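1. Pasted the sequence and its predicted model underneath.
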Amino acid sequence: MHVPSMQSLDLEEATMGKEYSSVRITINNITLEVDHGSTVLDAAKQAGINIPTLCHLDLHDLDAINQSANCRVCLVENETRGNLVPSCAEIVQDGMRIQTDTKKAVQGRRTSMELLLSNHPKECLTCVKNLDCDLQELSNSMNIKDIPYQGEMMNHPVDDSSGAIIKDPNKCVMCRRCMTMCDEVQTVGVLSPLKRGFDVSVGTAFHLDLSETSCTYCGQCVSVCPTAALAEHPHVPNVWRRLNNPNRHTVVQIAPAVRVAIGEMFGYEAGEISTGKLIAALRRLGFDGVFDTKFGADLTIVEEANEFLERLNNDGPLPLLTSCCPAWVNFIEQKYPDLLDIPSSCKSPQSMVGSLSKTYYANTMGIDPQNIRMVAVMPCVAKKAEAARDELAYGEQRDVDYVITTRELGAMIKEAAIDFNNLPDDSFDDILGESTGASSIFGTTGGVVEATARTAYERVTGKTLENVEFETIRGMEGLRKASVTLNGRTINIGIAHELKNARKLLDSIRSGESDLDLIEIMACPGGCIGGGGQPFHHGDINVLNKRREALYTLDKNNVRRKSHENEQVKTLYQKFLGDIGGQKAHKLLHTSYSKKLRI
Amino acid sequence: MSSLFDMESFDQDKVQLLDDYIGNYVAQNNLEALIPALYKAQTLFGYLPAALQRHIAEKLDLPSSHVNGVVSFYAYFSEVPKGKYAISVCTGTACHVKGASDVLNKAREVAGAHGETMSDDGLFSVNDVRCIGACGLAPVVTINGKVHGKINAKDMEKIIQSTKEAENA
Amino acid sequence: MLESFEALKNWKSAIREQATYRLEILVCAGTSCLSSQADTLLEMFTHEIHEYSLDAEVVLTPTGCFGFCGQGPILKIEPDNVTYVQVGADDVKTIVDEHLNAGRIVEHLLYDPPGQKRSTSEAGMPFYQKQHRVALKKCGVIDPENIEHAIKHSAYEALGTVLHTMDSDDVIDIIKQSGLRGRGGGGFPTGLKWQFTSTTQADEKYVVCNADEGDPGAFMDRSIMEGDPHTILEAMTINGYAVGANQGFIYIRAEYELATQRLFKALSDARKHGLLGQNILGSGFDFDIEIKLGAGAFVCGEETALIHSMEGYRGEPTTKPPFPSDVGFRTLPTNVNNVETYANIPSIILEGQRWFQSIGTKNSKGTKVFALAGDVVNIGLVEVPMGITVREIVEDIGGGVDGDKKLKAVQIGGPSGGVITGDDLDLPIDYDSLQSAGAMMGSGGLIVMDDDTDMVEIAKFYLEFTEDESCGKCTPCRIGTKRIHEILHRLTDMEGTPEDLELLEALCNNVKNTSLCGLGQSAPNPVLSTMHHFKNEYEDYAYRRKKTSYSIDADKCIGCTRCKKVCPVDCISGSVKTVHVIDESACIACGACDDACPVDAIIRP
């Protein structure tokens, strides 16, 4: 079982029994009515009063709230009692009087920050979170120019064992947001506070390397960490080396979720579709070939729909589980190794494009595959570990050599001083570059299985699917069910995002209760749009919503909206692969899974 | 790391006793059974090595990180073996003013046990313990739980030396 | 099994009417006395009584703490009302022979302090004269492992009264009116706390006894549990009835082995006789108690940390509100009270709230148990009415400062508390007066400090403790206590500056205001209090003018060379019959010269 946090109780319940539906609070002499159960912080927001916070994280749409009230940065003064209270956790009582800017409150907040800074490295200039760090932001807004308390500092070893996530406990402020994500949203639970007092650090059991734990590298801890205590393992230097090496033919692919988020790093709103500029930037960086992971996604659908129908018509094994999410693959290999016959054997779109780049592309363009290096730009940190999987290599060639996150690419573009905002739109290569609308929605929960449904429908019925939008599959709820009728047969579909929901589905399969035929699982909240490698959302769920809407827009704007309509995919089969699901397809586009023993 | 899954090196009878205890422990949920299970395990095995913690985590269907977080929090639980004679020097206020730190330092020096590690001969582990409430007898030392009052540094030295001699005889 | 209140009363009468022994020897068998060989004494007495064929006439009763720990091992002979102190193994035969057999008091074992009258009983001892034992009523009177002794002294009678003649609101009213306040240090009105838990709606509720007594120098709760466990069980059951709980827990420190053992025995005996479990005394009320062991964390004395520890987590506190009476163990309403608070409950029920109100002061009713220790003549456990002055405790009960030293300060409240000086000795002990003097009652630790005490070192000692025990969850306590400790270290290492003093005070105030729980909120108290009263000592360190070496009083020195001979660093100069001089720059302050000097001519730093 996962361990529920001590603060996971619904604080609203604490005021059960009281009769008001709204309560009055006076903050800084402004009186307002707020909902019963609101915190002082909620009330302040309503009144337009800013209170600095650090450990607080409210992702209520994802059912994740970090309310440990332990950073002691959001303190305000209760006028009546004269004491300082944490605004993020203090429930408003009727008639409460709060002042946010008394000397006591200001000094109290400041001391908390000064103490944190006294125990924090001062290498901001070269830190990966420079200018994007919550601690830095607070220190600046509180006008801290001097740290009066000097003394011993933490000295823990840095863990860079996984090649996906780097954990540096010396930059940790003990906010516990990572634990909230890992314990409650993902129910993986590899992090816990260890020891006590000044020696406390948030770490793994027995201080094991992350690679030895059941960390799935989903990166949700990275996406909420206010500092660089948890960050992605950098691959940018490797990519530069390859780009600068004249003997290397370096190609790149971009995932769907990247193009609707990278604009945020250049001043655009979340959800800005920057595909054209992105491709242009990549060519300016020196990539010899620019491919679209969506091509791989269409290919995945063709292969996976085929696999699904084969199982459907040959007595299982069912359900078929999508397998493009590497964090989810890690999860099932470690926690449910008894169910390894049910995930699809299809590689992820990233790996399919990678594999083809060293074979199909190399052949077609007459390039020695030994000189090709494939870089994938992903919204995800787990993809870094996926690229390094033993199973995903073709002879001595890796399918994918390096993975960089959306953030890392944004940083590269800035490093090269490319004027992103003014780039003229460019387009993908003519090979491995075409995609349909179905592949766009891969980046959001429900997208993969909807794309599968579109193709499966036409293959089974032989009819044209008029309405391609399966509304019942869409949504943001963590666990959803839908059904689709194919030639009179009802196909039960399950969709889960966040591993805690995946667990529920898997438990029901294990126990035999499940009646599902086809399941899509994504580890990240909302799907890849909310991946660990995306620009930080800083707790704003709207960012995820906008990115998601943009993907559905991309789908709508495409003339071809079903994966099997992709002309370049058809050419691929005709000229190179042969049959769908055939021998060559299996060799290049399918993989296997095995039990992984982790703590 | 695979050694963390290896329970073969533990006394299998004791492992069975522990498993039975856990299986029979009546609690509202597995979390509440954790600390009693850790107590039982430490009583049986003397300390709580990582493999044992992992085993308990598995039996209680809890993450190992949580179990380790609990073990490393409480001073009573030890992740390293204790010496045959566990010497605890009380460092409460009353004992402190009567020279407890001298007693502690002398104990560490003579026993050869520093920090949490036991002495090389496996005979002693020395640690400080917070007030055990026998202030009338300050300075107080407990050896394997037995309380000894009015022990100064010289007495401590004598006790450890004579124990060593008796053991080596 | 007792199936009614009548049955209980009948049992009590039956025990009282039992053939009594001619003589009863009460031997203190608490942790302290046990470690100074009370169990050897018990063995030897058993042997000797048998040797003298007195088995039918004399009964040996191991009891809880008498309180006069400094004079232990202690024993009492009843009904003769004779108390013998510092009894050794060699004295056993004499006592049996002389007193038990021949009826003669053994004079040399009586309490006979220099300059005072020798006394045969507690009544004659200044240590006891001003005490009023309520919580400790049965400690030293009964064998804590024998339920019949407890019953004989009215154990469970209060429970019977409550179950059969009162409803839960009546009970809460009585406790409210009595004025009882939490004895764990918080001083929160107990009746009000019970009321909060009582009024919260829930399917299940709990009561918890906080027996995690962690203040160094405090052993009040330990003594109560070792000496009279049934009182706690009884009080918890009454609490359960009052608030609507059917399950209680005692959270007890791992280090308190003997107390735990005695509580287990008491639980077993109580259950056997139907005083715990289902349908207690035929009332229809079910209640049982489970013991939960702590595992070595002072912070678990904080009620939310304690609750989370019971739930299987690290002992980390959570913010209040919500309070345990709303959201407690298993997120259900829970009433947490301290051992000593519970120990008062049965007496309040039996004697009535007016009786309790008649003891103590206007806002602090009843008595308080203190653990008196430090540089005082009479070290031990005392229980005094609220309102008694600090002076009366230190001088009348405590016998004054030990040796020929002067009083410098009295530390009250352990690591959460502060000090008061000789100027405030006439302060009455109660929750409010102590607070206004910058100290606090705390759980009952009271340490007397003589003029040799370095107050900055004392503050540093307490910070070492709180830094070590901090759970590490919140910023101010995790990092703040460390930084406070570092500043104190800098000062005592003579590397501090006057700016450090300002920094220290500001940091202490901020840590106090911003910490998440009571541990962090009160950790700076010893520093703030000693800075307030002994600013000069801090300044001596900060301005690096603190004397850290020994020196010789030229007027007293007789030039005997004894100090010179023992100095390990050879820093004393002077020949026979001339005044010796210590080179203060070389002195390492070991004190060997002081020990050697026959005329007390050495001046300590």
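-> Yep, that arrived. Numbering: from 1, shown residues only, chains lettered A, B, ... in the order given.
2. what about residue A:579, which SS state?
-> Secondary structure, DSSP: H, G, I helix; E, B strand; the rest coil: residue A:579 is coil.
3. Now it: closest residue in space, sequence neighbours ignored.
-> Distances taken as C-beta to C-beta, 6 or more residues apart in numbering or on different chains put residue A:585 closest to residue A:579, at 6.8 Å, once the chain neighbours are dropped. For every residue, glycine as well, the C-beta is placed using N, CA and C.
4. quick check, the one you found in a helix?
-> Yes - per three-state DSSP, residue A:585 lies within a helix segment.
5. contacting residues for it?
-> Each residue near residue A:585 by C-beta atoms under 8 Å, 6 or more residues apart in numbering or on different chains is listed here: A:303, A:573, A:577-579.
6. Pipe the residues you listed into a markdown table and attach neighbour count and pLDDT per row.
-> Below are the contacts of residue A:585 laid out as a markdown table (neighbours: other C-beta atoms under 10 Å in any protein chain shown; pLDDT from 0 to 100):
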| residue | neighbour count | pLDDT |
| --- | --- | --- |
| A:303 | 23 | 96 |
| A:573 | 16 | 96 |
| A:577 | 25 | 94 |
| A:578 | 13 | 95 |
| A:579 | 11 | 94 |
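7. of these, closest to chain B?
-> Chain B lies nearest to residue A:303 out of the contacts of residue A:585, by C-beta to the nearest C-beta, at 35.3 Å.
8. rewinding a little: identify the farthest-apart pair in the contacts of residue A:585.
-> A:303 and A:578 (12.4 Å; C-beta to C-beta).
9. And the residue nearest to residue A:579, how far from residue A:576?
-> Distance, residue A:585 to residue A:576, using C-beta to C-beta, to the nearest Å: 10 Å.
10. do residue C:528 as well
-> 80 Å.
11. Pull the number of nearby residues for the residue nearest to residue C:416 when sequence neighbours are not counted.
-> Excluding the flanking residues, the one nearest residue C:416 by C-beta to C-beta, 6+ apart is residue C:522, at 3.5 Å. For residue C:522, the count of nearby residues is 22 (other C-beta atoms under 10 Å in any protein chain shown).
12. Verify the contact between residue C:522 and residue C:511 for me.
-> No - taking C-beta atoms under 8 Å as the definition, residue C:522 is not a contact partner of residue C:511, at 9.8 Å.
13. Spell out which residues are contacts of both of these two.
-> Counting by C-beta under 8 Å, 6+ apart, nothing touches both residue C:522 and residue C:511.
14. Please identify the helix or strand for the nearest residue to residue A:319 once chain neighbours are set aside.
-> Distance criterion C-beta to C-beta, 6+ apart; nearest residue to residue A:319, sequence neighbours excluded, is residue A:516 at 4.5 Å. Residue A:516 is part of no helix or strand, with elements assigned from DSSP states H and E.
15. Tally up the residues packed near residue A:516, please.
-> 20.
16. ok, so what distance separates it from chain B?
-> 25 Å (C-beta to the nearest C-beta, to the nearest Å).
17. Work out the gap between the lowest-mean-pLDDT helix or strand in chain B and the centre of the chain.
-> Taking mean pLDDT, DSSP states H and E as the measure, chain B has helix B:93-97 as its least confident helix or strand, at a mean of 75. Distance, stretch centre to chain centre, for helix B:93-97: 23 Å (C-alpha atoms, centre = their mean, to the nearest Å).
18. Flag every buried residue along that helix.
-> Across helix B:93-97, burial judged by 16 or more other C-beta atoms under 10 Å in any protein chain shown covers B:93-97.
19. Now render the residues you listed as CSV, adding distance to chain C.
-> Below are the buried residues of helix B:93-97 laid out as CSV (distance: C-beta to the nearest C-beta, whole Å):
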residue, distance to chain C
B:93, 4
B:94, 4
B:95, 8
B:96, 6
B:97, 6
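20. pLDDT weak spots in chain B?
-> B:1, B:133, B:136 (pLDDT under 70).
21. go on, chain A?
-> A:1-20.
22. May I ask you to name the longest helix in it?
-> helix A:293-313 (DSSP state H).
23. of the contacts of residue A:585, closest to residue C:151?
-> residue A:303 (81.7 Å).
24. Neighbours of residue 203, how many?
-> You didn't say which chain, so I picked chain A. 26.
25. that's the wrong chain, I wanted chain C
-> Using other C-beta under 10 Å, residue C:203 is surrounded by 5 other residues.
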